[in-house]
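Chemist: Dropping the sequence and predicted coords here.
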Amino acid sequence: MKFTFCTLERPEQILTEKADALVIPLSEGGVREDVLLPLLDGLLGGSVRQAIEDEQFTGKVTQSLTLHTLGKLGATRLSLLGIGSKPSGVLLADVRTWTARAVRGAFVKAKRLVLCLGGVPADQAAAVGQAVVEGALLSTYQFDKYLSGERKRRTAIEEVVVFLPSGVSTEAAAIGGERGRIVSGGVMLARDLVNEQPTEMCPRRLAAVATQMAEQLGMGCSVLGVKECEELGMGMLLGVGRGSLEEPRFIHLTYRPKAPPRRKVALVGKSVTFDSGGLSIKTTEGMLWMKMDMGGGAAVLGAIQAIAQLGCPDEVHVLLAAAENMPSGNAYKLGDVLRSMSGKTVEINNTDAEGRLTLGDALTYAVEKLGVDEIIDLATLTGSSMVALGNHTGALFSNSDSLATRILDASQVGGDDMWRMPLRDRLFDSLKSDIADMKNSGDRYGGSISAALFLREFVGDKSWAHIDMAGPVHAEKDFGHVTKGASGFGVATLVELLSPRQ
Ligand code: BES
Ligand code: MN
Ligand code: ZN
C-alpha cells in the first residue's frame, strides 16, 4: 500500500482530486463549521446538507455518511466520518482509529482513498503520518494462509492520500509514515505467530523465527535445548514441558545499540505454544483458543523486530521460555515439587497454572545471568484478569510507579488499552505451601493478582512490570485498527516505550 502526504493550499483543490473515496472526519462541531462542506454541497447541488439532515448526521463517533457523487466531483464517493466531540488527547491514537474506520468503510473495489485531515498542528505531522499508515495497514490485515479462493480477499486499496493543513510538513509526515510501516510490521508478525495453528507454532518453530530475525537484523540469538536448561537448573520450564513430544526451548535475542547502552532492559514473553491445562486438563471450551498462549512471546518478538529497525538507546534482551503444556505418561503431576532456577521450590497444585512457572525461570535468567536494570513481561496469564477488566484491557502490575506510568503513557499512544492493578501482599497467603517454598496456584479470587505476586518472587529488587494480556490477545470482532483474531496487543506500546520518536 502506498501513502502520499500533501497539503491543502486552497479548499477548492479537494473538488478535483481523483479518488474512489474522499473521506472527511467531522467532529460534532465540525458539521457546522467545516469549510469544505459548503463547497462540496454547492457542487453536489445541496445533496450533502440534505443527506446530513435526513440521516441526522451530527458527527457522533458511531455515525458515518456516504454519498455517490455521480461524476460531479473528482472523487466517486464522499464519506463523512463522525469523530465525536471528545478527542482522547492523543492525536496519534485518534488518527489511527479514523483511518482504520475510513479504510474499512471504503467499498470493496476502492483503490485510491483520499483522507482530509484539517486541524492537524504543525508539530504533529510525524505522529499523524505514523497513525495513518498504522491505521490503514493494521485494519486490512488478514491471516489468509489457510483460506482458499474467494475468501482470500485482500483489500483493493492501493494508495492512501492524506491532505494536511497548509504549513504542515509533508516530509515529516512521510518520515512518520515509515515508522508506522515498521511498527505495523511488528504488530502483524505478532498476529501471524498467534494465528498460526499450534502444531506448527511449537517451541522449535518459535526458535526458528527468532533465529532468522536475528540474522536478518543483526541481533544476537541463542537457543537453549533441554540439556542446557537442565544445566541452568530451569526446573519449572522443564517441568511444564515434560509432558509434550515437542521439547521446550529457551530463546534469547539480544539487541545492542551502536553507542554504549543507556541501560539494559529485558522483555519476557509467555510462550506456552499450546495450553491444554496438562493433567489439570481444560474443557474443550476452555482449550479452544489456547494456541494464543504464546501471545506474550509473539508480542516481544514483534516489538524487537521493529525496535531493531528503528534503533533504541538501550541494550534489549528478549526472552522466551517456550514449552507446550500437555498431559501424558511423562507429564508433571499435581503434588510434584519443582526446583526453580532461582533455587525456590514450588509445589504443583494445578498443572494449568503453568505460565508463571515458565516465566519464573525466564525472570531469574534476566536477573542472574543478564543483570538487567529493568524487566517487562507480557503474558496471557490468567482468566481472572478478564473477569476483572473484560476482554479488551490488559492488566498492568508493577513494583515501580515510574515504570508503570511510562508504560501507561506509551500504551495510550500505542493504542493498547491497559489498567494498573495492585500487588496486594495479603493475597500471597494462598500461595503458601506446607512442603515447598510456595504453591503455583492460589485462591480463585484475585487470581491475576496472586499470579503476579508469584512472578514477583523471581525479580528480586529489579524494577519490573507484568502485563497480563489474556483478554486483549485476540479480538472477537473488528474494532478500530484491530482485526478479528490475534490482535498484536503490546507490540506498539513496547516500541513507543523503547524507540524514541523524533
Ligand atoms: N493460559 C491460561 C490463561 C488464559 C485463560 C488465557 C483464558 C486466555 C484465556 C493460563 O495458563 C491458565 O490456565 N490460568 C488459569 C490459572 C488457574 C489454574 C490458577 C486460569 O486462569 O484459570
Ligand atoms: Mn494454563
Ligand atoms: Zn497458559
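Modeler: All right, it came through fine. Ligands and ions are numbered 1, 2, ... in the order given.
Chemist: What parts of the chain come near ligand 3?
Modeler: When proximity is defined as CB under 5 Å from the ion, the chain approaches ligand 3 at 272, 275, 293, 355. For every residue, glycine as well, the C-beta is placed using N, CA and C.
Chemist: What is the subsequent helix or strand relative to the helix or strand of the chain with the lowest mean pLDDT?
Modeler: Across the helices and strands of the chain, mean pLDDT, DSSP states H and E gives its lowest value to helix 30-33, namely a mean of 90. Tracing the chain C-terminally past helix 30-33 and defining elements by DSSP states H and E, one meets helix 36-43 next.
Chemist: which outside residues touch that next one?
Modeler: 11-12, 14-15, 24, 26, 31, 47-49, 72-73, 78, 116, 118 (CB atoms under 8 Å, 6 or more residues apart in numbering).
Chemist: Give me the buried entries from these.
Modeler: With neighbours counted by 16 or more other CB atoms under 10 Å, the contacts of helix 36-43 contain buried members at 14-15, 24, 26, 31, 47-48, 73, 78, 116, 118.
Chemist: Among the residues you listed, which ones are in helices?
Modeler: Restricting these to those inside helices, with DSSP state H as the criterion, leaves 14-15, 31, 47-48.
Chemist: show me the contacts for the nearest residue to Thr140 once chain neighbours are set aside.
Modeler: Setting aside the residues directly before and after it, Thr140 is nearest to Thr155 in space (CB to CB, 6 or more residues apart in numbering), at 4.0 Å. Residues counted as contacts of Thr155 (CB under 8 Å, 6+ apart) are 1, 103, 140.
Chemist: Could you do Cys116 as well?
Modeler: With contacts defined as CB under 8 Å, 6+ apart, the neighbours of Cys116 are 8, 14, 22-25, 36, 163.
Chemist: In this protein, which residue is most central in space?
Modeler: For the chain, the residue whose C-alpha lies nearest the mean C-alpha position (CA atoms, centre = their mean) is Phe489; its distance is 2.1 Å.
Chemist: ok, so what distance separates the closest residue to it other than its chain neighbours from ligand 2?
Modeler: Counting by CB to CB, 6+ apart, the nearest residue to Phe489 once its immediate chain neighbours are dropped is Pro472, at 4.3 Å. In this structure, Pro472 and ligand 2 are separated by 17 Å, where distance is defined by CB to the ion, to the nearest Å.
Chemist: where's the residue of the chain found nearest ligand 2, which helix or strand?
Modeler: With distances taken as CB to the ion, the chain approaches ligand 2 most closely at Asp352, which sits 3.9 Å away. Counting by DSSP H and E, Asp352 is held by no secondary-structure element, helix or strand.
Chemist: isn't it right next to Met287, touching?
Modeler: No. In this structure, Asp352 sits apart from Met287 without contact. The criterion is CB atoms under 8 Å, and the distance is 10.0 Å.
Chemist: pretty sure Gly74 contacts Ala19?
Modeler: Yes. Applying CB under 8 Å as the test, Gly74 and Ala19 come out as touching, 6.4 Å apart.
Chemist: Let me know whether Arg444 touches Val387 as I believe.
Modeler: No. Counting by CB under 8 Å, Arg444 stays clear of Val387, with 9.4 Å between them.
Chemist: Tell me which of the two has more neighbours.
Modeler: Counting neighbours by other CB atoms under 10 Å for Arg444 and for Val387 shows that Val387 has the greater number, 15 against 11.
Chemist: Can you tell me the SS state at that one?
Modeler: Assigned state for Val387: helix (three-state reduction, DSSP: H, G, I helix; E, B strand; the rest coil).
Chemist: who's in contact with it?
Modeler: Each residue near Val387 by CB under 8 Å, 6+ apart is listed here: Gly447.
Chemist: Please point out which parts of stretch 191-207 sit buried.
Modeler: Applying a neighbour-count criterion of 16+ other CB under 10 Å, the buried positions in stretch 191-207 are 191-196, 198, 201-207.
Chemist: Tell me how far stretch 301-320 lies from the chain's centre.
Modeler: When C-alpha coordinates are averaged (CA atoms, centre = their mean, to the nearest Å), stretch 301-320 and its chain have centres 14 Å apart.
Chemist: Do me a favour and get the end-to-end distance for it?
Modeler: In stretch 301-320, first residue to last residue: 9 Å (CA to CA, to the nearest Å).
Chemist: same check, this time on stretch 146-160
Modeler: Where stretch 146-160 begins and where it ends lie 28 Å apart, using CA to CA.
Chemist: buried ones in that stretch?
Modeler: Using 16+ other CB under 10 Å as the burial criterion, the residues of stretch 146-160 that qualify are 155, 157, 160.
Chemist: What's the mean pLDDT across it?
Modeler: Rounded to a whole number, the mean pLDDT of stretch 146-160 is 88.
Chemist: ok, now stretch 228-245?
Modeler: In this model, stretch 228-245 has an average pLDDT of 98.
Chemist: For it, buried residues please.
Modeler: When burial is assessed from 16+ other CB under 10 Å, stretch 228-245 yields the following buried residues: 229, 232-244.
Chemist: With distance to Lys369 and secondary structure as extra columns, can I get the residues you listed in CSV?
Modeler: Shown next, in CSV, are the buried residues of stretch 228-245 (distance: CB to CB, whole Å; DSSP: H, G, I helix; E, B strand; the rest coil):
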residue, distance to Lys369, secondary structure
Cys229, 12, helix
Leu232, 8, helix
Gly233, 11, coil
Met234, 11, coil
Gly235, 16, helix
Met236, 15, helix
Leu237, 14, helix
Leu238, 17, helix
Gly239, 20, helix
Val240, 20, helix
Gly241, 19, helix
Arg242, 23, coil
Gly243, 27, coil
Ser244, 25, coil
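Chemist: just checking, Asp468 touches Leu381?
Modeler: Yes. The pair Asp468 / Leu381 is scored as a contact, 4.6 Å apart, by CB under 8 Å.
Chemist: the more surrounded of these two?
Modeler: Between Asp468 and Leu381, counting by other CB under 10 Å, Asp468 is the more crowded of the two (35 against 30).
Chemist: how about that one, phi and psi?
Modeler: Comment: the main-chain dihedrals of Asp468 come out as phi -90, psi 110, following degrees, to the nearest 10.
Chemist: if we look at the sheet, which residues does it bridge to?
Modeler: Here Asp468 sits in beta bridges with Ala379, Ala395, as judged by DSSP bridges.
Chemist: pLDDT at it, what is it?
Modeler: Confidence per residue is given as pLDDT, and for Asp468 that number is 99.
Chemist: try Gly29
Modeler: At Gly29 the predicted local distance difference test score is 89.
Chemist: Over to Arg191?
Modeler: At Arg191, the predicted lDDT confidence score is 98.
Chemist: what's near enough to touch it?
Modeler: By CB under 8 Å, 6+ apart, the residues touching Arg191 are 141, 143, 298, 483, 485-488.
Chemist: Any quick PyMOL command for the buried ones out of those?
Modeler: Provided next is the PyMOL selection string for whichever of those are buried by 16+ other CB under 10 Å:
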select buried, resi 141+143+298+483+485+486+487+488
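Chemist: ok, now how distant is the residue of the stretch 401-502 of the chain found nearest ligand 3 from Cys312?
Modeler: Closest contact between the stretch 401-502 of the chain and ligand 3, by CB to the ion, is at Ala470 (8.3 Å). Here the distance between Ala470 and Cys312 works out to 28 Å (CB to CB, to the nearest Å).
Chemist: Check Leu453 too.
Modeler: With distances defined as CB to CB, the gap from Leu453 to Cys312 amounts to 30 Å.
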